[in-house]
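Visitor: After the sequence you'll find the predicted model.
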Amino acid sequence: MNFTTMSDQAVANELGNRIEQMRLERNLTQQQVADEVGLSRVSYARLESGQAKLTNVIAVLRLFGQLAILDQAFPVVAFSPMEQLKLQGHQRQRASGKRQKHQSLTDKGRKKDGKEELDW
């Protein structure tokens, strides 16, 4: 299955379908799984339909003994050796994003009918 061509909701629906398949393979009802993880049956049914909170998905994966799939889905990514040398023991707290040159006030103005308007 090619998830990259699917919408976010379609991916969520597929995840719900796969969790439903795990439940059926264990011959459990929605109510039984919901009771085990502390959800209402309605909340669990929403999970299978792709409308779940992430914490609920994690609880169900834990119940089914499938938490290891999260390591496959979200592997730990280390900084490159060069980046680690630059940090020299400092743990990165945030991304810097792309830096832009500061614009002067006149650059920020817009022209309308030949007159300049400031963007406040």
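Guide: Looks like it came in fine. Just so you know, these numbers come straight off a predicted model, no measurement behind them.
Visitor: What ranges in this protein fall below the confidence cut-off?
Guide: By pLDDT under 70, the low-scoring segments of the chain are 79, 84, 87, 89-93, 99-120.
Visitor: Do you have the strands of this protein handy? List them.
Guide: Along the chain, the segments classed as strands by DSSP state E run 110-112, 115-117.
Visitor: Longest helix in the protein, please.
Guide: helix 8-25 (DSSP state H).
Visitor: Show me what that helix is packed up against.
Guide: Packing partners of helix 8-25 (3 or more CB pairs under 8 Å, 6 or more residues apart in numbering; DSSP states H and E): helix 41-48, helix 54-63. Glycine gets a C-beta too; all of them are placed from N, C-alpha and C.
Visitor: Please export the C-alpha coordinates of the first one as PDB.
Guide: What follows is the C-alpha trace of helix 41-48 in PDB, where atoms were taken according to Å, rounded to 0.1, in the frame of the first residue of the first chain:
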ATOM      1  CA  ARG A  41     -17.400   1.100  23.000                       C
ATOM      2  CA  VAL A  42     -18.300   4.100  20.900                       C
ATOM      3  CA  SER A  43     -14.800   5.600  21.400                       C
ATOM      4  CA  TYR A  44     -13.300   2.300  20.400                       C
ATOM      5  CA  ALA A  45     -15.500   2.100  17.300                       C
ATOM      6  CA  ARG A  46     -14.400   5.600  16.300                       C
ATOM      7  CA  LEU A  47     -10.800   4.400  16.600                       C
ATOM      8  CA  GLU A  48     -11.500   1.600  14.100                       C
END
